[in-house]
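pasted the sequence and its predicted model underneath.
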Amino acid sequence: MLPGWRDDVLTAQNQSLGDFLRELGRYRPGLLRWEPALETLRVTGSFRLDNTDRVLSLLAASLPVDVQMRTRYWVTLVPRKNISTKNNA
């Protein structure tokens, strides 16, 4: 983790998703969980800490993960399921 947190920014450079989420969890209320299969995905970027829901949305847009929000305070990241659009007829 790079020292950007002082500026309300969480910066990662080729960091494991597990480590990134553990750090992100310190800045948001409630439970932030993820499936073990996601641990080793890699994250690079700078993320503003004033809207951690947005950070989760950005992760879902850039990695093969889905964010399941049961409530704002109970969030789980899971591997994205591949949906085939092939016609099986």
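Perfect, thanks for sending it.

residues in contact with residue 75?
By Cβ atoms under 8 Å, 6 or more residues apart in numbering, the contact list for residue 75 reads 30-33, 56, 67-69. Every residue, glycine included, has its C-beta placed from N, CA and C.

are any of those residues buried, and which?
The neighbour-count criterion (16 or more other Cβ atoms under 10 Å) marks 32, 56, 67 among those as buried.

show me those that map onto helices.
Counting by DSSP state H, the part of the buried ones among the contacts of residue 75 found in helices is residue 56.

so where's this structure uncertain?
The model of the chain has pLDDT under 70 over residues 1-6, 83-89.

and which of the contacts of residue 75 is nearest to residue 10?
residue 56 (11.9 Å; Cβ to Cβ).

out of everything not next to it in sequence, what's closest to the closest one?
Of all residues not flanking residue 56 in the chain, residue 67 sits nearest, at 4.8 Å (Cβ to Cβ, 6 or more residues apart in numbering).

quick one, what contacts the one you found?
Contacts of residue 67 (Cβ under 8 Å, 6+ apart): 56-57, 59-60, 75-77.

could you measure from it over to residue 13?
22 Å (Cβ to Cβ, to the nearest Å).

related to what we said a few turns ago, in CSV, list the contacts of residue 67 along with secondary structure and distance to residue 20.
Formatted as CSV, the contacts of residue 67 follow (DSSP: H, G, I helix; E, B strand; the rest coil; distance: Cβ to Cβ, whole Å):
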residue, secondary structure, distance to residue 20
56, helix, 11
57, helix, 15
59, helix, 8
60, helix, 13
75, strand, 14
76, strand, 15
77, strand, 11
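
PyMOL command for the buried members of these?
In PyMOL, a selection of the buried entries from the contacts of residue 67 looks like this (16+ other Cβ under 10 Å):
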select buried, resi 56+59+75+77
